[in-house]
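Visitor: Return atomic coordinates for the entry below.
(one chain, ligands or ions: 1)
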Amino acid sequence: MTKPIVVIGSSNVDFIMKMDHLPARDETVTDAEFMQTFGGKGANQAVAAARAGGDVVFVNCVGEDPYADKMVAGFEASGVRTDYVFRETGVASGTALVMIGEGGHNYLSVAPGANRRLTPERVEGLRDLIAGAAYVLMQFEIPRETIECTLDLAAAVGVPVVWNYAPAKPFDRAQLEKVAILIVNEPEASVLTGLEVSDRVSARVATVKLREMGVGTAIVTLGEQGSVVAARETRGGVKHIPAFPVQAIDTTAAGDTYCGCLVVALAEGKALEVAVRFASAAAALCVQKLGAQPSTPWRSEIDAFLKDGV
Ligand code: RIB
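Guide: Reported below is the predicted structural model:
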């Protein structure tokens with residue numbers, strides 16, 4: 001029996017407005033398109049991993065509102081195991097406001113709600129689950145203490161943690177030593193390294209610095225410019241892996257899809273470069289549709305996209 005991928009993270013109800021251009025301060029933009037979908041970086045990554053064929057256990061807290069049941073049903077319909085999705089009372093589910101403007105790029109704000117209840121105490125009770133995992137996958141939309149506690153726990157039982165440091169927030173940098181694979185975009189890489197990361201050249205420098213800061217493998221994602229990878233195995237060798245050129249209409253959850261699919265490919269025993277290509281293909285499919293979880297591709301779609309040699 002293969003070991004599961006344990007995703008520990010957030011879920012949100014996403015309220016999306018897509019418009020031709022984002023409003024400037026005090027400006028009102030009309031003629032936007034509205035959509036309510038389900039998102040949250042943790043949930044998006046769990047859904048992406050399950051749809052890509054992973055055996056996924058999601059650790060999460062939803063709130064007491066009319067959205068919670070639908071959200072959980074959506075996870076299950078994607079094949080995510082929900083035994084550890086806790087239903088919290090007296091609090092709303094996480095909520096995100098997503099504004100999508102030119103080029104499909106988005107502006108996001110999140111009210112964590114029930115995600116704040118995913119405490120270290122909760123994770124401490126899941127030692128056996130974590131010990132039996134192929135990988136633990138996390139983001140940063142749950143409390144810092146929970147992230148640090150999970151890193152300690154996973155290190156103690158020898159399970160690799162893939163951490164998507166998103167969104168960027170302060171934490172104990174000494175914990176980076178416990179991260180097997182760190183995945184960041186340009187602004188997140190800039191916050192962590194103090195370098196201005198905006199292209200392939202600066203991303204190369206950042207990945208090397210991230211490895212010096214203690215992470216095993218560092219990946220900087222650059223959207224349409226692809227990924228820069230400094231792998232533990234290559235001891236300082238840095239590789240650029242191109243993205244698939246597609247027309248993006250909404251980049252929401254592209255990074256989440258990438259992370260979830262990368263871990264699935266790694267759990268299947270694929271080499272890191274192959275896994276990055278698989279993840280990039282999934283992200284390329286994701287950006288061509290509107291919304292977070294509605295745009296997450298299934299395994300058959302990713303395989304077909306890769307087979308077509310696009
Ligand atoms: O990464 C995209 C996600 O970020 C959205 O689904 C939103 O909920 C926020 O968490």
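Visitor: And the nearest residue to Lys41 once chain neighbours are set aside, how far from Val197?
Guide: Excluding the flanking residues, the one nearest Lys41 by C-beta to C-beta, 6 or more residues apart in numbering is Gln139, at 3.9 Å. Using the backbone N, CA and C atoms, a C-beta is placed for each residue, glycine as well. In this view, Gln139 and Val197 are 19 Å apart by C-beta to C-beta, to the nearest Å.
Visitor: Near the ligand, which residues of the stretch 201-310 of the chain are found?
Guide: Neighbours of the ligand within the stretch 201-310 of the chain, by C-beta under 6 Å from any ligand atom: Thr252, Ala253, Gly255, Asp256, Ala292.
Visitor: between those, which is nearest the ligand?
Guide: Ala292 (3.6 Å; C-beta to the nearest ligand atom).
Visitor: Now do the same contact list for Gly103.
Guide: The contact partners of Gly103, by C-beta atoms under 8 Å, 6 or more residues apart in numbering, come to Ala248, Thr251.
Visitor: mind running it again at 7 Å?
Guide: Ala248 (C-beta atoms under 7 Å, 6 or more residues apart in numbering).
Visitor: top of the residues of the stretch 201-310 of the chain next to the ligand by neighbour count?
Guide: Ala253 (32 neighbours; other C-beta atoms under 10 Å).
Visitor: For that one, what are phi and psi?
Guide: phi 70, psi 10 (degrees, to the nearest 10).
Visitor: Which strand or helix spans Leu195?
Guide: Assessed by DSSP states H and E, Leu195 sits outside every helix and strand.
Visitor: sorry, that was for Lys209
Guide: Going by DSSP H and E, Lys209 is part of helix 200-212.
Visitor: Spatially central residue for the chain, please.
Guide: For the chain, Asp256 is the residue whose C-alpha lies nearest the centre (C-alpha atoms, centre = their mean; 3.2 Å).
Visitor: Now that one: closest residue in space, sequence neighbours ignored.
Guide: Nearest non-adjacent residue to Asp256, counting by C-beta to C-beta, 6+ apart: Asn44, 3.5 Å away.
Visitor: what sits against the one you found?
Guide: Ala253, Asp256, Thr257, Ala292, Gln293, Thr296.
Visitor: among those, which are in helices?
Guide: Per DSSP state H, helices hold the following members of those: Asp256, Thr257.
Visitor: Out of the contacts of Asn44, which is nearest to Glu121?
Guide: Checking the contacts of Asn44 against Glu121 with C-beta to C-beta, the nearest one is Asp256 at 26.2 Å.
Visitor: any idea how far Phe244 is from that closest one?
Guide: Distance of Asp256 to Phe244, computed by C-beta to C-beta: 17 Å.
Visitor: Tell me what the closest residue to the ligand within the chain is bridged to.
Guide: Distances between the chain and the ligand by C-beta to the nearest ligand atom are smallest at Gly39, namely 2.1 Å. Legend: beta-bridge partners of Gly39 under DSSP bridges are Asn12.
Visitor: That one touches Phe15, doesn't it?
Guide: No - Gly39 sits out of contact with Phe15 when judged by C-beta atoms under 7 Å, with a separation of 9.7 Å.
Visitor: Neighbour count for these two, which is higher?
Guide: Gly39 (29 against 15).
Visitor: contacting residues around that one?
Guide: By C-beta under 7 Å, 6+ apart, the contact list for Gly39 reads Asn12, Asp14, Ala96, Ala253, Ala292, Gln293.
Visitor: Thanks again, I'm all set now.
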